[in-house]
Each structure stands twice: as C-alpha cells, then as structure tokens.
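Asker: Quick one: sequence plus predicted model below, questions after.
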Amino acid sequence: MSDYLVELRDSARQVVAGTGTPACEDKTWQLIVELGWLLAAVPEGLGGLGLGVRGACTLHTELGRGLAEAPFLPAVMALEALCHGDVPDRSSWIERLSGGELATAPLAEPDIALSQDSAGATVLGGLAAAVQSADRAQYALVWAAGDCVALVALDQAGVEVTERPAWDVTRRLFDLRLTDVALDRQLVLARGENARLLVNRIQTLRDLSLAADSLGGAAALLEMTVEHLQTRRQFGRPLALFQALKHRCADLKTQLAAAESLLSDCLAQTGEQTGTAEARLRGQKAKYLACSVFSLVAEEALQLHGGIGMAAEHPCHLFLKRAMLGEHLGEREYGYERVIAECFLDGS
C-alpha cells in the first residue's frame, strides 16, 4: 500500500470512528460527499482522484469497520459505470453524482430483461433485488443479461420500489420492480459486447468492495473481542490469559490475515483491468473468502464475549448480522462456491 493510501486509510478510520457503530447513514453520507470519497476511483482525467479500485477498497474497509449504513458501494458502482460507459455529458453526470445526488445499484444480481412494447419501443422489465437506499436515490444502475447497462430514473411510471425487511439493520435494502419501463437512450451506458465488459467491471468492483467491507468489519470485531478478553476477569485473572481462548483468537487472526492477503493479491493482479474474465474470478474468490471469514469471526466473537455478546445493547450482533447478509449478496446463480470449485477442477 502506497504512503498516500496509508494516509487515506488512517484519516478515514478517524472519521468513521467519530460517527459511532453503526455509522449513521445521513451523517456518514454527508461526510463521504464533503470529503470527496466518491471520487476516489474516478480517473484523474474525469476530475477524480485516480486511486482506482484499490483506493475505493481502502475506503470500503474503513467503512466496514464502522458498519457504515451509507450507500457508498452502490454509488461507487454507478460512478464506475459512468466512467467506463458511453453517455452524453459524462463530466456533468460525474459532478452531479459525486456532489451528493444518489444513483444506487443492486447488490445482488438483477433479473432484468429487454423487450418491446406494443409501439415497438424498447422497454425494461424484471426485478432488481437488494438495491440499497433506493428510497433516497434519483436513479438506479441496472443491467439486462449483459446486453445493456443503463441508468433508470426512479420517479417514472412502471418503477415500483418496495422495502425489503432484513435482519441486518446496517443496510437498508429495497426491491426494484420494473414493468415496461421506457429505455431512455440518453441514459444507456453500453450495449452489446461493451455492455458485457462493463457488467464484468461492475460485478468485479462490487465483489472486491464487499470483500473489503467484510474484512474491515472482521478486523474491528476481532480487536473488540481481544480487548474484551483483556479486561474481563474470571477466577482472578483476565480471560486473555486462558490458553484455549488465546488459541481461538490466534486462529481467527490467521484466517483474517489469509483473507486480507488474498484481497491484496487480487487487487495487485487486477489493477484497473476489472472487465476481464480473470478479474471477475479474482473478485469472486476474494469476496467468498472474506465474507466466510467475517461470518466465522462474528460467530466466534459472540461466544468469546459470553453473555454480554447476546445483549441487544452490545454491537456484537450487528457485526454478525452484517456478516450473514454479506455472504448472500452478489451473484445468485449457483453461488461463488460452485464457480470457484469448477475453476479448481479445470486447473485454472
């Protein structure tokens, strides 16, 4: 990690720590906009910071440490699509979305299809699930079977936004149902082969970002657990001195370090070439391992905290619920396990 990214990480950690756990959506979103974090992955030629996916993941890690509620990930996905898509007046769009106007995106794979209405016009139909903070967004980024990537205005006919109640309260998710929604050519970012490449970019960014968010949450929770064991006393001495508990924490640290190393390696190998099939697979591997480790750390932390870990007033359960949701976000068909297993069997 470069010195600049280290400074960005440290300053972001300080900012997120001051917003509480979980980091309030309104307060955190306002800080994200004011500090220019939405421009982290935007190329310098388009007015951004030019930090790429690694810079975005640095921020995702710190927001994950604070269980941030703000829709930073879908906003970054929409900006990524704009930067690499073909849309008129792109600079104006980037300025609008980085200035606080929200374009959200589904954190699960959408089931959207293109068709034609009775008048012969191209329309969109289907369901986009797990669209974060859709109630406060003006646009949603959707893609249809790799054939089209577009922004959809949420205030038009045929768009139904329904809140999806979730056990995890740190992300507000909505279902977005489209019924014969007219496809605005001014908001189409890519079609055909360009759309397939752009979808790969969006999916890879999403998976790497979810991996970073999970690793940030896992690291923060493990630190919290170790601190609890050092201060909680039983039989006249701190719990941290019991060998069995030390071994469990050491095992968790080892698992976390392995997942962090995989994400770092995936980011290094991928660079900004996120539209390739190889990058897509790297993102899936990083996301699968990071989310699995986060769930493992959360489950172990709950036990290591004892009775207080089961209390609603303690944040331990918030980390566990976010970890469990994170495992189910992303691609729905087959799941990441099968994709990764097939690659191992093929020797790729």
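Answerer: The structure has been received and is ready for your questions. Numbers count the residues shown, from 1 in each chain.

Asker: quick one, what contacts the residue lying closest to C24 once chain neighbours are set aside?
Answerer: Spatial nearest neighbour of C24, chain neighbours left out: E69 (6.4 Å); criterion: CB to CB, 6 or more residues apart in numbering. (C-beta placed from N, C-alpha, C; glycine too.) Listed by CB atoms under 8 Å, 6 or more residues apart in numbering, the contact set of E69 reads P22, A23, C24, E25, T28, T170, R171, R172.

Asker: Show me which positions of the longest helix belonging to the chain end up buried.
Answerer: The residue-count maximum for a helix in the chain (DSSP state H) belongs to helix 192-231. Of all the residues in helix 192-231, those buried under the rule 16 or more other CB atoms under 10 Å are 194-222, 224-226, 228-229.

Asker: Specify the next element, helix or strand, located C-terminal of it.
Answerer: strand 233-234 (DSSP states H and E).

Asker: In the sheet, which strands lie alongside that following strand, parallel or antiparallel?
Answerer: Strand 233-234 has its sheet partners listed here by DSSP bridges as strand 237-238 (antiparallel).

Asker: immediately after the strand it pairs with, which helix or strand?
Answerer: Next along the chain after strand 237-238, taking DSSP H and E as the criterion, comes helix 243-270.

Asker: worst-scoring helix or strand of the protein, pLDDT-wise?
Answerer: Lowest mean confidence among the helices and strands of the chain (mean pLDDT, DSSP states H and E): strand 233-234, at a mean of 76.

Asker: How far away from the center of its chain is it?
Answerer: 38 Å (CA atoms, centre = their mean, to the nearest Å).

Asker: Over to stretch 31-49?
Answerer: 17 Å.

Asker: what's the answer for stretch 329-341, then?
Answerer: On the basis of CA atoms, centre = their mean, stretch 329-341 sits 16 Å off its chain's mean C-alpha point.

Asker: can you redo the contacts of E69 as TSV with pLDDT and neighbour count?
Answerer: Output for these, formatted as TSV (pLDDT from 0 to 100; neighbours: other CB atoms under 10 Å):
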residue	pLDDT	neighbour count
P22	93	20
A23	91	24
C24	92	16
E25	94	19
T28	95	22
T170	95	21
R171	95	25
R172	95	19
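
Asker: contacting residues around stretch 45-57?
Answerer: Stretch 45-57 is contacted by residues 1, 4-5, 8, 36, 39-44, 58, 76, 83, 90-91, 94-95, 98, 204-205, 208-209, 211-212, 263, 267, 270-272, 274 when judged by CB under 8 Å, 6+ apart.

Asker: If we use 7 Å, what do you get?
Answerer: Applying CB atoms under 7 Å, 6 or more residues apart in numbering, the set of residues contacting stretch 45-57 from outside is 5, 8, 39-44, 76, 83, 91, 94, 205, 208-209, 212, 267, 270, 272, 274.

Asker: Which residues are in contact with V33?
Answerer: G99, G100.

Asker: And N200, by the same measure?
Answerer: N200 makes contacts with G275, T276, R280, as judged by CB under 7 Å, 6+ apart.

Asker: change it to 8 Å
Answerer: Contacts for N200 (CB under 8 Å, 6+ apart) come out as T274, G275, T276, A277, A279, R280.

Asker: need the helices for this structure, in chain order.
Answerer: Secondary structure of the chain, counting by DSSP H: helices at 3-17, 25-34, 52-65, 72-84, 90-98, 192-231, 243-270, 277-304, 316-328, 336-346.

Asker: which parts of the fifth one are buried?
Answerer: Translated: helix 90-98. Residues of helix 90-98 classed as buried: W93, I94, R96, L97, S98 (neighbour count, 16+ other CB under 10 Å).

Asker: Now flag whichever of those residues is closest to E109.
Answerer: Within these, the smallest distance to E109 is 22.4 Å, found for L97 (CB to CB).

Asker: so the closest one makes contact with A81?
Answerer: No - look at L97 against A81 with CB atoms under 8 Å: they stay out of range, at 10.3 Å.

Asker: got any ranges where the chain has weak pLDDT?
Answerer: 146, 332-334, 347-348 (pLDDT under 70).

Asker: Return the residues in contact with the residue nearest to the spatial centre of it.
Answerer: Closest to where the C-alpha atoms of the chain average out (CA atoms, centre = their mean) is L210, at 3.7 Å. Counting by CB under 8 Å, 6+ apart, L210 touches H60, L73, L107, K287, A290, C291, G326, L329, G330.
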